[in-house]
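Colleague: Dropping a prediction and its sequence here:
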Amino acid sequence: MLKILKYSSFDLMRSRWSYVYFLFYLLLGFVLLFLNNNVSKAVITLMNIIIVIVPLIGTIFGVMYYYNSREFTILLLAQPLKRSTIFLGQYIGLSISLSISLLLGLGIPFIFYGIFESAAIWDFSSLLITGVFLTFIFVALSINIALSNENRIKGFGFAILMWLFLAVIYDGIFLISLMIFNDYPLDKFSLIATMTNPIDLSRILILLKLDISALLGYTGAVFQKFFGTGLGVIISFSVLILWVLIPAWLIVVKSGRKDF
Amino acid sequence: MKNILTALIFCLINANAYTQVIKVCPDCKINSIAQALKIAKNGYKILIEKGLYSERNIIIDKSIQLIGAGNPVIDGDNKGEIITIKADNVSISGFTIKNVGTSYTEDNAAIKVVKGNFFTISNNTLENVFFGITIEKSKHGIIENNNISSTATQEYNSGNGIHLWHCDDIKVKNNQLHGLRDGIYFEFVTNSSISGNISKNNVRYGLHFMFSNDNEYFENTFVNNGAGVAVMFSKNINMHHNKFIKNWGSSSYGLLLKEIYDAEITDNLFEQNTIGIHAEGSTRINYKKNNFINNGWAIKISGACYTNKFTKNNFVSNAFDVSYNSKLNDNVFDNNYWSEYAGYDLDKNGIGDVPFRPVKLFSYIANKTPETIVLLRSLFIDIINFSEKVSPVFTPDNLLDNNPLMQEIK
């Protein structure tokens, strides 16, 4: 598995798209810092981007990589290798190379501007950690979609729809249900609703780290209490890990059953 | 000749009885303040030297000066009140007064003035007090350079730092107040000023005004108080050059205005408060040249507000600039700087060519359903905010700043 992991990540690192992705973040980081001139504020702006762009790129890359390397995968399948090894190796390789682009692309400009001396270092690192988690989650989800759709166009469509649902539509439904059930206690409901969407969960985790957390305290004292404690942090990170593990496990199951 | 001279000097001393001094020290013949007060007459000066005086319920009913030399300590042993002043022209300075008894039926204070005019209370340190300085039905007083602290944790069993009730022409200057219920409390107080005070880490309000007209407060700093500063049911209050910082929490604000008429709010700084200003039933108020930086809500208006003018203010990096739950009425926003403004200035006159709408759709929604705040900074929210900005449907369409400034006002 290590060999496949190594191969696919090196293959990706040589590919043009990871450079584009890397340069995109590099440019973004520099522009943000240039415009804001304030590391803490740049971190807030960055959050908006991370919770939208990272999942989108993860989704597109996941689907694209699967369809592009289909012939090679079939070739590998002819070898005496376990299917789970092949697919997990590809999945992890892809996620790692995307994560490296993200970490380097954003890390370099911020190191340049002295993130290590800034108080925002923890906010920034939690931002990067959630970014990496989102990459792993969305790559796994999109490979799942690609595995179950032979038709590329259909696969792409579903993948984008999945991203759109989690990034936008989910929040819309969430908002409307909050407004409709206004008369009921909604703390628990909103807590669970955030937990079940990785984008929302990452957003809340970052928000609570940032200064604007007092706003959430305005109504969601429950939120503050829950995510503020050690237990809350452990639970929310375990949920993020589950969001990685379950789709990864589904990849193994699906690829095992699939007839190539 | 010698006799005459002695007689003359004696006469002079007698005539100058105003400066008669009684000295008190732990080893002197007079070793307690109560003892000294017994023999003192109007106009006497009582000089208390360094040492620990375990006394309480000291009643001053003559016009005297009580002066602490070398910071003497008066310890009330947590039983009852310490000093009560019931005369005019009394001054107290240079003491450390500590351990006032907590009571649920009486407002015990370290220093209380009852119907005493022309008093001065200065340079004292009051520690572990229930109420610090209480003034009742008095006029023309000065309270300055005192440091008042306590260890309040709960509202019901703690008192206020400086508590004024039914007073007129009092100056509260350069005091430090922390760990109390309200830092400074005014009730039925008129023509008074509060300046240069630092009020922080108090359980309830840094400053609390009730039914107090024609007052002024300026150059004060209010940091990290339970709920910030509350100004209620008062007229003609002038608030300027104050700092409201880090009043943080679920029901916190920098400044709460409730039933206020004809006030001027100028040159204040509101930084990192959950709500910068919360106005309810406030009329004819001018907000000018204030800085709102990094607040949750810079201004929250909850109805019954008329003829308020917001001009030349800076709104920088607030999660919400303005929140409104009623009609605009005749309130005006004009000539402010908004960091969220994304318009252009073709004629380069420093004023944006497109009006700015300070109320976002999301702030309207969050006002109706507070729980929706958990969706803050989600992509969906950005999209609906944008569409509302393009074509306002829910937010009052006449609520706009027609002349937004392009540059922050320095």
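Modeller: Nice, thanks for sending it over. Residues are numbered from 1 along each chain as shown, chains lettered A, B, ... in the order given.

Colleague: The closest residue to chain B within the stretch 1-150 of chain A - how many residues pack around it?
Modeller: Residue nearest to chain B within the stretch 1-150 of chain A: residue A:52 (5.2 Å; Cβ to the nearest Cβ). (C-beta placed from N, C-alpha, C; glycine too.) Counted by other Cβ atoms under 10 Å in any protein chain shown, the residues lying close to residue A:52 total 19.

Colleague: ok, now which ones touch the closest residue to residue B:385 other than its chain neighbours?
Modeller: Nearest residue to residue B:385, sequence neighbours excluded (Cβ to Cβ, 6 or more residues apart in numbering or on different chains): residue B:360, at 4.9 Å. Residue B:360 sits next to B:320, B:385, B:388, B:389, B:395 when contact means Cβ atoms under 8 Å, 6 or more residues apart in numbering or on different chains.

Colleague: Adding distance to residue A:29 and secondary structure, write the residues you listed out as CSV.
Modeller: CSV is the format used below for the contacts of residue B:360 (distance: Cβ to Cβ, whole Å; DSSP: H, G, I helix; E, B strand; the rest coil):
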residue, distance to residue A:29, secondary structure
B:320, 28, strand
B:385, 25, helix
B:388, 31, helix
B:389, 28, helix
B:395, 35, coil
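
Colleague: which one of those residues has the most neighbours?
Modeller: Result: residue B:320 is most packed of the contacts of residue B:360 (other Cβ under 10 Å), 26 neighbours.

Colleague: Model confidence score at that residue, please.
Modeller: You'll see residue B:320 listed with a pLDDT of 88.

Colleague: any weak-confidence spans in the chain?
Modeller: Picking chain A for this. Along chain A, the model assigns pLDDT under 70 to residues A:1, A:37-40, A:210-222, A:224, A:228.

Colleague: try chain B instead
Modeller: Scanning chain B for pLDDT under 70 picks out B:1-19.

Colleague: Leaving out chain neighbours, which residue sits closest to the residue of the stretch 1-150 of chain A closest to chain B?
Modeller: residue B:379 (5.2 Å).

Colleague: How many neighbouring residues does that neighbour have?
Modeller: 17.

Colleague: now residue B:248
Modeller: Number of residues near residue B:248 (other Cβ under 10 Å) recorded here: 20.

Colleague: May I ask you to confirm that it belongs to a strand?
Modeller: No. Residue B:248 sits outside any strand when classified using DSSP: H, G, I helix; E, B strand; the rest coil, being coil.

Colleague: Quick check, the residue in the stretch 201-350 of chain B closest to chain A?
Modeller: For the stretch 201-350 of chain B and chain A, the shortest gap (Cβ to the nearest Cβ) falls at residue B:296, measuring 4.2 Å.

Colleague: burial measure for that residue, as a count.
Modeller: 27.

Colleague: That one contacts residue B:275, correct?
Modeller: Yes. Taking contacts as Cβ atoms under 8 Å, residue B:296 lies within contact range of residue B:275: 6.2 Å.

Colleague: And residue B:310, how far from residue B:328?
Modeller: Computed as Cβ to Cβ, to the nearest Å, the residue B:310 to residue B:328 distance reads 12 Å.

Colleague: Which one's more surrounded, these two?
Modeller: Remark: of residue B:310 and residue B:328, residue B:310 carries more neighbours, 24 against 17, as counted by other Cβ under 10 Å.

Colleague: Now that one: which helix or strand?
Modeller: Using DSSP states H and E, the element containing residue B:310 is strand B:309-311.

Colleague: What of residue B:260?
Modeller: Secondary structure from DSSP H and E places residue B:260 in strand B:255-266.

Colleague: What are the boundaries of the helices in chain B?
Modeller: B:2-15, B:33-39, B:361-368, B:379-390 (DSSP state H).

Colleague: Next, give phi and psi for the residue of the stretch 1-150 of chain A closest to chain B.
Modeller: The phi and psi values for residue A:52, taken as degrees, to the nearest 10, are phi -110, psi -50.

Colleague: And residue B:152, by the same measure?
Modeller: Note on residue B:152: backbone dihedrals following degrees, to the nearest 10 are phi -70, psi 140.

Colleague: Give me the nearest residue to it, chain neighbours excluded.
Modeller: That would be residue B:158: by Cβ to Cβ, 6+ apart, it lies 3.3 Å from residue B:152.

Colleague: give the contact list for the residue of chain A positioned farthest from its centre.
Modeller: Distance from the C-alpha centroid of chain A, by Cα atoms, centre = their mean, peaks at residue A:183 (34.1 Å). Taking Cβ under 8 Å, 6+ apart, we find residue A:183 in contact with no residue.

Colleague: Quickly note the distance from it to residue B:371.
Modeller: Applying Cβ to Cβ to residue A:183 and residue B:371 gives a distance of 11 Å.

Colleague: so what's in contact with the two at the same time?
Modeller: Counting by Cβ under 8 Å, 6+ apart, nothing touches both residue A:183 and residue B:371.

Colleague: Number of residues surrounding residue B:298?
Modeller: So residue B:298, with other Cβ under 10 Å, has 30 neighbours.

Colleague: Surely it is in contact with residue B:321?
Modeller: Yes. Between residue B:298 and residue B:321 there is a contact at 5.0 Å, judged by Cβ under 8 Å.

Colleague: and for these two, which residues touch both?
Modeller: What both residue B:298 and residue B:321 touch, as defined by Cβ under 8 Å, 6+ apart, is the set B:292, B:315.

Colleague: Can you name the residues of the stretch 51-200 of chain A that neighbour chain B?
Modeller: When proximity is defined by Cβ under 8 Å from any Cβ of the partner chain, the stretch 51-200 of chain A lies next to chain B at A:51-52, A:167-169, A:171-172, A:174-175, A:178-179, A:182, A:186-187, A:190, A:194, A:200.

Colleague: Now, of the residues you listed, which are buried?
Modeller: Buried members of these, counted by 16 or more other Cβ atoms under 10 Å in any protein chain shown: A:51-52, A:167-168, A:171-172, A:174-175, A:178, A:186-187, A:190, A:194, A:200.

Colleague: what two of those are the furthest from one another?
Modeller: Using Cβ to Cβ, these reach their maximum pairwise distance at A:52 and A:187, which is 26.3 Å.

Colleague: related to what we said a few turns ago, starting from the strand holding residue B:310, tell me which strands it pairs with and how they run.
Modeller: strand B:283-288 (parallel), strand B:332-334 (parallel) (DSSP bridges).
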